[in-house]
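Participant: how would this look folded up:
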Amino acid sequence: MKTLNPILMVVVMFFVAWYQETTGKITKNTTVDALGACQGITYQNGRYYLYGDREVGVMREYQLQKDSLIYQNREFKFTVKDENIIKHPTGIAYHKGLPTFVGNSVRQNAEGTFWKAVINCINWEGFIKTGTLDGNLIKTIEDDACIQGTRPEYINYKGKWFVATADYGNKTNQVRLYDPTALAKADKTSEKGILFKKFNCSPWVQNLHFIADKGILVLIQNQVEGRKWRLTFLDLDKSIESGQEAVLSVIDTDKADELEGFTFTTNKEKGIAVSSSRTNNVSFMDFSWNK
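Facilitator: Numbers count the residues shown, from 1 in each chain. Coordinates of the predicted model:
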C-alpha cells in the first residue's frame, strides 16, 4: 500500500485541522420583545444593539449580564420626521473613524418576491444621541451591484478596512467588498471605484460577522430558504484570493426557525444569535476552538 508523502500528509492534516476548527451549541433560548421580527444584533462600545422591523425599523440597546440581555431603556427609530426610512434593517457596519452603514431591503411587490437593496450612510453618534435619523441620514445608496439583498459589515483585508456585504438567494451568491470612503459618496454601488473584490459563497446568507483577531468571516445563514440555522466560518484572506469561499468549519443547529443575526461576545467562546420568531428569538451559544 502506497503511503502519502510526509510533506503532503502535513498539508492534509493542516487543512483538516482548520476545517474542524470551531464547534458550537445552543445553551439557552429566551425572548426579547418590541423588535417586531428581529433582523440582527451588533456589539458596539460595550453595548449590544438588536434591530428589527416593527411598525417602523427599530433598534434597542442591551447590556449583557451573565447569560441575559438587559434592556437599557433606550430605543432608536430609523425614521426622519416620523417617516419610516429603514423599515427592514439588514445589517449595521460600524467602525470608529469610518462611515457607518445600515442595510435595508425595500419590498417592491405585494408578494414579496422582488426587493430593492439599499445601503444608508448615517451619523452613528448622532443617531445614538437623538434616537432617530433626523439630521443623521447622510446618504442613501442603491446597492445595484448585489444579486439579492445587502447586509453590510466591516472587515479587514491586508491592513485596510472594507465594507463587506452578501447575497441571500440560492444561486450565484457573492460576498462583495466595497471601499467605505467611496461608498459614502456614491449613489449606486455599481459606480467605478466602489467594488474592491468579490468571491462566491453558499446560499441563504442573512448577515455577516467578522472576527478581526482571527481573520475569520462568519456567514450567518439558513440551511434552506427562511429556516434552519447555519454558521459558516471562512478564512477571509483565502476566500478573497481564490474567488471562492474557503470554509474552515460549518455549525448547524436543530433550531428550525429563521436565523437572522449573530455576534460573538467579548468572550470568543460565547456568542448570541437572533431569529425573526416572536418568541425564543435570542439564543446564547457556547463555542470551542480546536486550533
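
Participant: Just the pLDDT at the closest residue to Arg74 other than its chain neighbours, thanks.
Facilitator: Sequence neighbours aside, Glu61 is the residue nearest to Arg74 in space, at 4.1 Å (criterion: CB to CB, 6 or more residues apart in numbering). Any C-beta I mention is one placed from the backbone N, CA and C, and that applies to glycine too. The pLDDT attached to Glu61 in the predicted structure is 98.

Participant: For the helix or strand containing Ile272, which outside residues touch it?
Facilitator: Using DSSP states H and E, Ile272 sits within strand 270-275. Strand 270-275 is contacted from outside by 24, 26, 32, 38-41, 48, 50, 64, 69, 220, 229, 231, 255, 257-265, 281-287, using CB atoms under 8 Å, 6 or more residues apart in numbering.

Participant: Direction included, what does it pair against?
Facilitator: Strand 270-275 pairs in its sheet with strand 259-264 (antiparallel), strand 282-289 (antiparallel), by DSSP bridges.

Participant: host element of the residue nearest to Arg74?
Facilitator: Per DSSP H and E, Glu61 falls inside strand 57-65.

Participant: Identify the residue spatially nearest to Ala37, adjacent ones excluded.
Facilitator: Closest to Ala37 by CB to CB, 6+ apart is Ser276, at 3.9 Å.

Participant: right, and the one you found touches Val282 too?
Facilitator: No. Using CB atoms under 8 Å, Ser276 makes no contact with Val282, being 11.5 Å away.

Participant: thinking again about what came up before, okay, the strands paired with strand 270-275 in a markdown table with mean neighbour count and distance to Trp124 next?
Facilitator: Shown next, in a markdown table, are these (neighbours: other CB atoms under 10 Å; distance: least, CB to CB, whole Å):
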| stretch | mean neighbour count | distance to Trp124 |
| --- | --- | --- |
| strand 259-264 | 24 | 16 |
| strand 282-289 | 17 | 23 |
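
Participant: To Asp167, which of these lies closest?
Facilitator: The closest of these to Asp167 is strand 259-264. By CB to CB, the value is 15.5 Å.

Participant: thinking again about what came up before, identify the contacts common to Ser276 and Val282.
Facilitator: Each of Cys38 lies in contact with both Ser276 and Val282 under the rule CB under 8 Å, 6+ apart.

Participant: Need phi/psi at Ala182.
Facilitator: Main-chain torsions, Ala182, degrees, to the nearest 10: phi -70, psi -40.

Participant: hang on, I meant Tyr168
Facilitator: According to degrees, to the nearest 10, Tyr168 has phi -110, psi -30.

Participant: Next up, the contacts around the residue nearest to it when sequence neighbours are not counted.
Facilitator: Excluding the flanking residues, the one nearest Tyr168 by CB to CB, 6+ apart is Gly149, at 4.2 Å. Shown in contact with Gly149 (CB under 8 Å, 6+ apart): Thr90, Gly103, Ser105, Trp115, Ala117, Ala166, Asp167, Tyr168, Gly169.

Participant: residues near the third one, how many?
Facilitator: Right, the one you point to is Ser105. A count of nearby residues for Ser105, using other CB atoms under 10 Å, gives 24.

Participant: ok, now the first one?
Facilitator: Residue crowding around Thr90 was assessed by other CB under 10 Å; the count is 28.

Participant: Hmm, it is touching Asn207, no?
Facilitator: Yes. Between Thr90 and Asn207 there is a contact under CB under 8 Å: 7.3 Å.

Participant: all helices for the stretch 101-250 of the chain, in order.
Facilitator: 124-130, 180-183, 236-242 (DSSP state H, counting those that start in this stretch).

Participant: These into CSV, with extra columns for mean neighbour count, mean pLDDT and distance to Ile211?
Facilitator: What follows is the helices of the stretch 101-250 of the chain, written out as CSV (neighbours: other CB atoms under 10 Å; pLDDT from 0 to 100; distance: least, CB to CB, whole Å):
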stretch, mean neighbour count, mean pLDDT, distance to Ile211
helix 124-130, 16, 98, 21
helix 180-183, 18, 98, 19
helix 236-242, 18, 98, 9
